[in-house]
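# Sequence and predicted structure are below.
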Amino acid sequence: MYCVLFVCTGNICRSAAAEGVFRQIVTEADLADRIGADSVGLHGYHVGEPPDRRAHQAARDRGYEIGDLRARQMTMQDFTDFNLIIAMDTGHYQQLARTGPAGSLEKLAMFLDSAPQFGRMDVPDPFYGGVHDFDYAMDLIEAGAQGWLHKIRAQIL
């Protein structure tokens, strides 16, 4: 199975939403037996907690259910267990590049690499914002998830 890991700060907003959206579109593409997904935070601020209620609502409003997810913190084992590790912003990417074992750079990518039409690198953190910020993050996440599915499908099929 090809395994994808989405990474953000605390794993309650962006990476959790990316996991939920990606899993659903993988299932809809009838590839759930070939592509798996998970999400983590670089920090342990919210370990064991469900997604932020605003992220959950923004996802639910678009037909994605993420309420069953629980935050976890990135471990060194994740660099071994996942084929692709996708950072939600540049700071996450830089931290992963600094802390990952030798050879892990080839597994790292930026989430919006798969959605160049937005002309930006980072999915902004909506945590300190309002509903509009979560909706905008979901716009980016939906497009990026579709882009990653397209890239991965071309690789594994």
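That came in fine, so what should we check first?
# Could you give me the buried positions within the biggest helix by length in the chain?
Longest helix in the chain by number of residues, with DSSP state H as the criterion: helix 131-156. With burial defined by 16 or more other CB atoms under 10 Å, the residues of helix 131-156 counted as buried are 133-135, 137-138, 140-149, 152. For glycine as for every other residue, the C-beta is placed from the backbone atoms N, C-alpha and C.
# where does the protein dip in pLDDT?
Filtered on pLDDT under 70, the chain yields no residues whatsoever.
# relative to its centroid, which residue of it is most remote?
Within the chain, the residue lying farthest from the chain centre (CA atoms, centre = their mean) is Ala102, at 22.6 Å.
# That residue and Leu69: what is the separation?
Ala102 sits at a distance of 31 Å from Leu69 (criterion: CB to CB, to the nearest Å).
# And for Ala154?
27 Å.
# Over to Asp135?
From Asp135 to Leu69 the distance is 19 Å (CB to CB).
# Let me see the contact set for Tyr45.
Shown in contact with Tyr45 (CB atoms under 8 Å, 6 or more residues apart in numbering): Thr9, Gly10.
# What values do phi and psi take at it?
Main-chain dihedrals, Tyr45, degrees, to the nearest 10: phi -60, psi -40.
# ok, which stretches of the protein are helices?
According to DSSP H, the helices that the chain contains are 14-28, 53-61, 76-81, 90-99, 131-156.
# Which among the ones you listed is found nearest to Gly119?
Gly119 lies closest, by CB to CB, to one member of the helices of the chain: helix 131-156, at 11.2 Å.
# Now do the closest one: which elements does it pack against?
strand 2-8, helix 14-28, strand 35-41, helix 53-61, strand 84-87 (3 or more CB pairs under 8 Å, 6 or more residues apart in numbering; DSSP states H and E).
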